[in-house]
Each structure stands twice: as structure tokens, then as C-alpha cells.
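Here is my input; please provide its structure:
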Amino acid sequence: MKDQNENQVLVKSKAFAIRCIRLRQFLMKEKCEYDLSRQLLRSGTSIGANIKEAIRGQSRPDFGSKMNIALKEASESEYWIELLLDTNYLTEEQGQSMLDDCRELIRLLTSIVKSTFTDDDKD
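Alright, predicted model coming up:
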């Protein structure tokens with residue numbers, strides 16, 4: 001198994017979680033926005049937690065299931081960012097930057113989930 005500092009999806013998910021935390025702090029302080037940012041905080045930090053759990057999974061199906069949950073949380077995060085952008089809580093630049101990071105995680109996780117379940121079919 002790779003050293004966890006070398007696991008790119010784990011590193012990127014943690015960086016995204018930190019961005020979500022900082023965005024929540026900014027939105028509460030500067031925009032008095034609490035609800036959408038709370039949802040993003042929950043889903044955005046859950047991605048990495050599920051990836052971390054998957055890495056220590058008990059089996060290949062357990063790994064795949066946790067990665068799939070992380071993918072669902074990333075998709076949910078994308079939705080909350082889009083709402084924050086569409087309601088002008090985020091500037092175009094802020095929103096696009098968050099979306100870019102989120103969509104990169106979605107691509108990585110989609111690839112991992114597909115290969116995990118495709119490889120199971122070969123066994």
C-alpha cells in the first residue's frame with residue numbers, strides 16, 4: 001500500500017476539506033450565510049473521511065463501497081457549491097476554483113470506483 005502522504009486522492013480530499021472549512025468561516029463572517037455552507041462543510045469534509053476509511057477497508061467490496069460513498073459526497077458538494085455560486089454568495093472566481101477542485105475529486109473517485117468494481121468482475 002502507498003504511504004498515505006503519497007495517496008493523491010487522500011491528499012486532494014483533505015485539501016478540499018480545508019478549503020470547505022475556510023469557505024464556511026468566510027461565508028458566516030462576511031456574508032452571514034449559514035445553511036448552504038453548513039451543508040457544504042458536512043459533505044466536503046465527509047469525502048476525505050470516507051476515503052480514509054476505505055484505505056483501511058476490511059475487503060475489496062468494503063473499499064469500493066466507501067469510495068462510492070466518497071464519490072456521492074463529492075457530487076453533493078458540487079451541488080452546494082453551484083447553489084452558492086448561483087445565489088451570488090460566491091464570486092465567479094471563488095466558485096469556479098472550488099468547483100474545479102471538487103470536479104477533480106469526482107473524476108478521481110469515479111475512476112477508482114469503476115476500476116474497483118470492474119476488477120471484481122474479472123475475479
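
alpha carbons only for contacts and neighbour counts from here, please
Will do.

average model confidence for whichever helix in the chain runs longest?
Assignment by DSSP state H gives helix 92-122 as the longest helix of the chain. Summarised as a single mean, pLDDT over helix 92-122 is 91.

ok, now which ones touch Glu53?
63, 66 (C-alpha atoms under 8 Å, 6 or more residues apart in numbering).

re earlier: tell me which residues of the longest helix of the chain come out buried.
Going by neighbour count (16 or more other C-alpha atoms under 10 Å), the buried part of helix 92-122 is 95, 98-99, 101-106, 109-110, 112-113, 116.

quick one: it to chain centroid distance?
9 Å (C-alpha atoms, centre = their mean, to the nearest Å).

Against which helices or strands is it packed?
Secondary-structure packing of helix 92-122 (3 or more C-alpha pairs under 8 Å, 6 or more residues apart in numbering; DSSP states H and E): helix 8-31, helix 60-86.

The residue lying closest to Glu73 once chain neighbours are set aside is in what secondary structure piece?
Nearest-residue entry for Glu73: Ser43, 5.2 Å, with adjacent residues in sequence omitted and distances by C-alpha to C-alpha, 6 or more residues apart in numbering. Secondary structure assignment for Ser43, by DSSP states H and E: helix 35-55.

In CSV, could you pull the C-alpha coordinates for that helix?
This file holds the C-alpha atoms of helix 35-55, laid out as CSV (Å, rounded to 0.1, in the frame of the first residue of the first chain):
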residue,chain,number,x,y,z
ASP,A,35,-27.3,27.0,5.9
LEU,A,36,-25.8,26.2,2.5
SER,A,37,-22.2,26.5,3.8
ARG,A,38,-23.1,24.1,6.6
GLN,A,39,-24.3,21.5,4.1
LEU,A,40,-21.1,22.0,2.1
LEU,A,41,-19.0,21.7,5.2
ARG,A,42,-20.6,18.4,6.0
SER,A,43,-20.4,16.8,2.6
GLY,A,44,-17.0,18.4,1.7
THR,A,45,-15.3,17.0,4.9
SER,A,46,-17.0,13.7,4.5
ILE,A,47,-15.2,12.9,1.3
GLY,A,48,-11.8,12.5,2.9
ALA,A,49,-13.2,10.7,5.9
ASN,A,50,-14.7,8.0,3.7
ILE,A,51,-11.5,7.8,1.6
LYS,A,52,-9.5,7.3,4.8
GLU,A,53,-12.0,4.6,5.9
ALA,A,54,-11.8,2.9,2.5
ILE,A,55,-8.0,2.7,2.7
